[in-house]
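S.K.: Here you go, sequence then predicted model.
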Amino acid sequence: MPLLAQLPPTVHDFAAHDAETRELVSLLTSPRAAGAHTVPAAVITGGPGAGRTSLLLRVAHAVRPDFPDGRHYDSIGHTDAAGRFLAGLGVPEHGIPCGSADRFAKCRSVIAQCRVSSSSTTSHEGRRSPR
């Protein structure tokens, strides 16, 4: 399996959210007391301009050593995130299932014995807030 290295660069002058960064890094890198089949996960929320993506990238780069098999990055709004993930893992096009559920199942199978981080972001561009 090729090494996934899809993270964009982090923001170097990111000055806010130090406490949140430490908390997320701790959550994502602490030993898994609940057993080998648990997966640490976090959701970062906030309005446009709050620094969600900058925080996500800062944390994702900070935990790189704990995920030696690669780092996946994609947009939740992308219509074929699972297909892009599989392609990034080196699965040939003819080996990528057609349906979304099958693609995500294949993703889980391919990375079952790996330590891979997956970061997804969404953009509020083009969307209007409800009034």
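M.R.: Okay, I see it. Residues are numbered from 1 along each chain as shown.
S.K.: Rounded mean pLDDT for stretch 96-105, please.
M.R.: The pLDDT scores in stretch 96-105 average 91.
S.K.: Outside of it itself, which residues are in contact with it?
M.R.: Residues from elsewhere that reach stretch 96-105 (CB atoms under 8 Å, 6 or more residues apart in numbering): D80, A82, G83, L86, A87, K106. Yep, even glycine has a C-beta here, placed from its N, CA and C like the rest.
S.K.: repeat that for 10 Å
M.R.: 79-87, 89, 91, 106-107 (CB atoms under 10 Å, 6 or more residues apart in numbering).
S.K.: Check stretch 38-58 too.
M.R.: Here stretch 38-58 makes contact (CB under 10 Å, 6+ apart) with 7-18, 20-21, 23-30, 32, 34, 59, 63, 66, 73, 75, 117-125, 127, 129.
S.K.: re the thing from before, which of the contacts of stretch 96-105 scores worst on pLDDT?
M.R.: Comparing the contacts of stretch 96-105 by pLDDT, T79 comes last, at 68.
S.K.: Which of the contacts of stretch 96-105 ranks first by neighbour count?
M.R.: F85 (25 neighbours; other CB atoms under 10 Å).
S.K.: my guess is that residue contacts S117, does it?
M.R.: No - between F85 and S117 there is no contact, the gap being 11.9 Å when judged by CB atoms under 10 Å.
S.K.: Now do the shared contacts for the two.
M.R.: Common neighbours of F85 and S117, counting by CB under 10 Å, 6+ apart, are L4, H72, Y73.
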